[in-house]
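Colleague: Okay, predicted coordinates and the sequence, questions at the end:
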Amino acid sequence: MGLFSRRKTVFVDSDVLVIGGGMAGCGATYESRYWGRDLKVVCVEKANIERSGAVAQGLYAINCYMGMQWDENQPEDHVRYARNDLMGLVREDLGYDIARHVDSTVHKFEEWGLPIMKDPETGRYQREGKWQIMIHGESYKPIVAEAARKAATEVYNRIMVTHLLMDKKKPNRVAGAVGFNVRTGDFYVFRGKAVIVCAGGASHIYKPRAVGEGMGRTWYAPWSSASAYALPILVGAKMTQMENRIVLTRFKDGYGPVGAYFLHLKTYTENAYGNEYESTWYEHTKNLVGDYIDRHPVPTCLRNHAILEEVKAGRGPIRMVTKEAFQDPHKETVGWENFLGMTIGQAVVWASQNIDPKEINPELTTSEPYVMGSHATCSGAWASGPSDYAPDEYQWGYNRMMTVDGLFGAGDTIGGTAHKFSSGSFTEGRIAGKAAVNYINDMGSDGPEVSEAEYENLKKVVYQPMENYQVGRNEIVAGTVSPSYILPIHGLQRLEKLMDEYVGGISSHYTTNDVLLGRGLELLDLLKEDLNCLAAEDLHQLQRAWELHHRVLASECVTQHTLFREETRWPGYYYRADHPKLDDGDWHCFTLSQYDRDSGKWGMEKAPVYHIID
Ligand SMILES: Cc1cc2nc3c(=O)[nH]c(=O)nc-3n(C[C@H](O)[C@H](O)[C@H](O)COP(=O)(O)OP(=O)(O)OC[C@H]3O[C@@H](n4cnc5c(N)ncnc54)[C@H](O)[C@@H]3O)c2cc1C
């Protein structure tokens, strides 16, 4: 094994193994303990669950709350809303399942100490919008993490999971995972009867707007490194809707959120010349997508589309009209506090650019694309649905189990269910946790076994970048340039450029076609070859190396899906210039992919969309 054979191997046995301790992972850990009192519940996290994942900085609103106790909304309403926003394509069974349980999750958060704002007149939670409630959420994540910490048998922080392990007795059954401690370098072998992947979404697969001095700043968390997709993809789990990447309209240069501005402060947008512009693009958009443009609320992608067209027509920048709202001192306070709870950087950017939103209407822009399953898009793993609600074709096992036995997921990991957000992700984690416990109980004594040969081989693979560095560093010719290796940052920038130019990133106005996608796949193949030469000078770089591996595999999946769907379903998120219109006749369906790690080939197929709710 060479230089790294001396690394210690730590073995951990578990019944339920939760990978990623963000919102979904905390929910899965909490609920697994509730149903599995005597089970060993282990949560593994690459950072520290206290402040990890997309909610690390805190949030200002919980974006998914029905308010059934006050008859504000019913779960069916939420399914209709998500379906409309996703241009008709959602897993209604999964969405309904989350919506019917999400209120109880939010009530738990309040019980655990999360301050939720109240409407002084009604005593109800303060609404920001139809689905959003406002919170004092700086400590949201530590509060949620405390519940998971108390529920878990053990939490392993600072362990980057790199691969899943498969059962040596039964094909297509998961048996655990391996990873390494990013501080000590120890190799970890986790044996688990059921594994729940909750490893967040993917940023930094497309070239970001913020480069150079701004590098690292993104809308979605920069540490969301696509493990949620790469881990299941590698063991052959089917993925769905991976082409449905998200593009956000946000305040320029700081990616500051706009939800509270639109919904609570009632601000609106205008073009460079102070004119309303959405109606200008009505006929054009109707020609592309038909009646979807007449839906209420207008789907998020179509609002992006109007902005993009207006800017392309030379009437940018688009600005948020804040000057009026900010004359009201209460609204001004809310406007600033909205950033202080979750995107402090936006307030700093405005200060540094002399922007006082009371005096100047700040610019908006559209972000680079991200891949995720919990916000306004629904990329992720194809999962079995709830037994009391899912159509037969969506049920092959336990709720939220992927197409690999014993492998569950929640939050950004699971596809087909947009608009779950923080509360819905935690709720889906709870659903997956309960199902995983049932799976283990039904398994009896026929538990999975890991293969020594498999994890020993992976140990070699995992540390290979450090070995590459040790050997190749003697050949450095200038600065950090070596003829024998590439560094993770080089690989990342190559990936971002490639995805940007060929798979519909910012520099091509999110536009691509079959020829570009084909070339993109060829270049991804070449990049994958070069990943064998990745070099890591320390454990931090080793983590970056594995994050890059995960990002590249997820990117390949995105590209395959984008090539497969021959239509433009979500203008504003991306455009297939060779198929510029929405095509409900052929493409009112889910796209599914499956990776074969032996051949490196992808299989693609369609799956039906069942409309369960009228
Ligand atoms: C800028 C921003 C604003 C948002 N605003 C709101 C809002 O206002 N309201 C709202 O309700 N929701 C909001 N959301 C959405 C919400 O944060 C997500 O829906 C939710 O966090 C998704 O939960 P998750 O568990 O899937 O992912 P995360 O919470 O991101 O958790 C993923 C976890 O997996 C860990 N991990 C990743 N890879 C590995 C690995 N290989 N090994 C071990 N651990 C790993 C990560 O460190 C992380 O802890 C926002 C998100 C962002 C980024």
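Modeller: Now that the structure is in, tell me what you want to look at.
Colleague: so M239 touches G416, yeah?
Modeller: No. Here M239 does not reach G416: they are 10.4 Å apart, not a contact under CB atoms under 8 Å. Backbone N, C-alpha and C define where each C-beta goes, glycine included.
Colleague: overlap in contacts of these two?
Modeller: The contact sets of M239 and G416 overlap at 380, 382 (CB atoms under 8 Å, 6 or more residues apart in numbering).
Colleague: residues touching N399, list them.
Modeller: Counting by CB under 8 Å, 6+ apart, N399 touches 97, 383-387, 431-432, 434-435.
Colleague: Just the buried ones from these?
Modeller: Buried by 16 or more other CB atoms under 10 Å: 97, 383-386, 431-432, 434-435, out of the contacts of N399.
Colleague: Output those residues in CSV, with pLDDT and secondary structure appended to each entry.
Modeller: CSV is the format used below for these (pLDDT from 0 to 100; DSSP: H, G, I helix; E, B strand; the rest coil):
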residue, pLDDT, secondary structure
D97, 98, helix
A383, 98, coil
S384, 98, coil
G385, 98, coil
P386, 98, coil
I431, 98, helix
A432, 98, helix
K434, 98, helix
A435, 98, helix
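Colleague: Now render those as TSV, adding distance to the ligand.
Modeller: TSV is the format used below for the buried ones among the contacts of N399 (distance: CB to the nearest ligand atom, whole Å):
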residue	distance to the ligand
D97	16
A383	13
S384	18
G385	18
P386	19
I431	13
A432	11
K434	17
A435	17
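Colleague: nearest to Q493, of those?
Modeller: If you rank the buried ones among the contacts of N399 by distance to Q493 using CB to CB, A383 comes first, at 33.4 Å.
Colleague: Give me the phi and psi for the closest one.
Modeller: Dihedral angles of A383 (phi, psi; degrees, to the nearest 10) stand at phi -120, psi 150.
Colleague: That one is in contact with L94, isn't it?
Modeller: Yes. Applying CB under 8 Å as the test, A383 and L94 come out as touching, 6.8 Å apart.
Colleague: Overlap in contacts, these two.
Modeller: Contact criterion CB under 8 Å, 6+ apart; residues shared by A383 and L94: 400, 414, 416.
Colleague: In three-state terms, label the residue of the stretch 101-250 of the chain found nearest the ligand for me.
Modeller: Nearest to the ligand, among the residues of the stretch 101-250 of the chain, is G200, at 3.0 Å (CB to the nearest ligand atom). Put simply, G200 is coil when judged by DSSP: H, G, I helix; E, B strand; the rest coil.
Colleague: phi, psi of it?
Modeller: Main-chain dihedrals, G200, degrees, to the nearest 10: phi 80, psi -180.
Colleague: cool, and K118?
Modeller: Main-chain dihedrals, K118, degrees, to the nearest 10: phi -120, psi 150.
Colleague: Check I19 too.
Modeller: When quoted as degrees, to the nearest 10, the phi and psi of I19 stand at phi -110, psi 110.
Colleague: Surely it touches G200?
Modeller: No. I19 lies out of contact with G200 (CB under 8 Å); the separation is 10.2 Å.
Colleague: So for these two, which residue has more residues nearby?
Modeller: Neighbours per residue, other CB atoms under 10 Å: of I19 and G200, the larger number sits with G200, 31 against 28.
Colleague: from what I can see the more buried one touches G411, true?
Modeller: Yes. Using CB under 8 Å, G200 is in contact with G411, at 7.1 Å.
Colleague: Show me which positions of the longest helix seen in the chain end up buried.
Modeller: If you go by DSSP state H, the chain has its longest helix at helix 539-564. Judged by neighbour count using 16+ other CB under 10 Å, the buried positions of helix 539-564 are 539, 541-564.
Colleague: and it, anywhere near the ligand?
Modeller: No. Judged by CB under 6 Å from any ligand atom, helix 539-564 stays clear of the ligand, getting no closer than 6.7 Å.
Colleague: other SSEs contacting that helix?
Modeller: Contact here means 3 or more CB pairs under 8 Å, 6 or more residues apart in numbering; DSSP states H and E; on that basis helix 539-564 packs against strand 159-166, strand 174-181, helix 227-234, helix 452-472, helix 488-502, helix 514-531, strand 589-596, strand 601-608.
Colleague: could you redo these as a markdown table and give each row mean pLDDT?
Modeller: Shown next, in a markdown table, are the helices and strands packed on helix 539-564 (pLDDT from 0 to 100):
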| stretch | mean pLDDT |
| --- | --- |
| strand 159-166 | 98 |
| strand 174-181 | 98 |
| helix 227-234 | 98 |
| helix 452-472 | 97 |
| helix 488-502 | 97 |
| helix 514-531 | 98 |
| strand 589-596 | 98 |
| strand 601-608 | 98 |
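Colleague: Helices of the stretch 301-450 of the chain, start to end?
Modeller: Ranges of helices in the stretch 301-450 of the chain, per DSSP state H, counting those that start in this stretch, are 329-340, 344-352, 421-443.
Colleague: Pick out the residue of this structure closest to the ligand.
Modeller: Of all residues in the chain, G22 sits closest to the ligand, at 1.6 Å by CB to the nearest ligand atom.
Colleague: pretty sure that residue contacts S422?
Modeller: No. Using CB under 8 Å, G22 makes no contact with S422, being 9.1 Å away.
Colleague: Of those two, which one has the most company?
Modeller: Neighbour comparison, G22 and S422: the larger count goes to G22, with 34 against 30 (by other CB under 10 Å).
Colleague: With adjacent residues omitted, what lies nearest to the more buried one?
Modeller: Once flanking residues are discounted, G22 sits nearest to G53: 2.7 Å by CB to CB, 6 or more residues apart in numbering.
Colleague: In three-state terms, how would the one you found be classified?
Modeller: Under three-state DSSP, G53 comes out as coil.
Colleague: Determine which stretch of the helices and strands packed on helix 539-564 is the most buried.
Modeller: Across the helices and strands packed on helix 539-564, averaging neighbours per residue (mean count of other CB atoms under 10 Å) puts helix 227-234 on top, at a mean of 28.
Colleague: can you list contacts of the helix or strand that comes right after that helix?
Modeller: Where DSSP states H and E defines the elements, the next helix or strand beyond helix 227-234 is strand 239-240. Strand 239-240 is contacted by residues 229, 232-233, 378-382, 415-416, 557, 561, 590-594, 607 when judged by CB under 8 Å, 6+ apart.
Colleague: same thing but at 7 Å, please
Modeller: By CB atoms under 7 Å, 6 or more residues apart in numbering, the list of residues contacting strand 239-240 from outside reads 229, 233, 380-382, 415-416, 557, 590-593.
Colleague: ok, the residues you listed vs Q69, which is closest?
Modeller: Once CB to CB is applied, the member of the contacts of strand 239-240 that ends up nearest Q69 is G416, at 27.8 Å.
Colleague: Tell me, how many residues neighbour the closest one?
Modeller: Applying other CB under 10 Å, we find 28 residues neighbouring G416.
Colleague: That one: what's it in contact with?
Modeller: 90-91, 94, 240-241, 378, 590.
Colleague: can you give me the strands for the stretch 51-200 of the chain?
Modeller: Ranges of strands within the stretch 51-200 of the chain are 59-62, 133-137, 154-156, 159-166, 174-181, 187-197, based on DSSP state E, counting those that start in this stretch.
Colleague: so how far is the second one from its chain's centroid?
Modeller: To tie it back to what came earlier, the one meant is strand 133-137. Distance, stretch centre to chain centre, for strand 133-137: 21 Å (CA atoms, centre = their mean, to the nearest Å).
Colleague: What of stretch 526-538?
Modeller: With CA atoms, centre = their mean as the basis, stretch 526-538 stands 25 Å off its chain's centre.
Colleague: Other residues contacting it?
Modeller: For stretch 526-538, contacts defined as CB under 7 Å, 6+ apart pick out 465-466, 468-469, 472, 484-488, 491, 494-495, 498, 542, 545, 548-549, 552.
Colleague: now do stretch 495-512
Modeller: Contacts for stretch 495-512 (CB under 7 Å, 6+ apart): 204-207, 209, 247, 308, 312, 368-369, 516-517, 519-520, 523-524, 527, 551-552, 555, 558-559, 562, 573-577.
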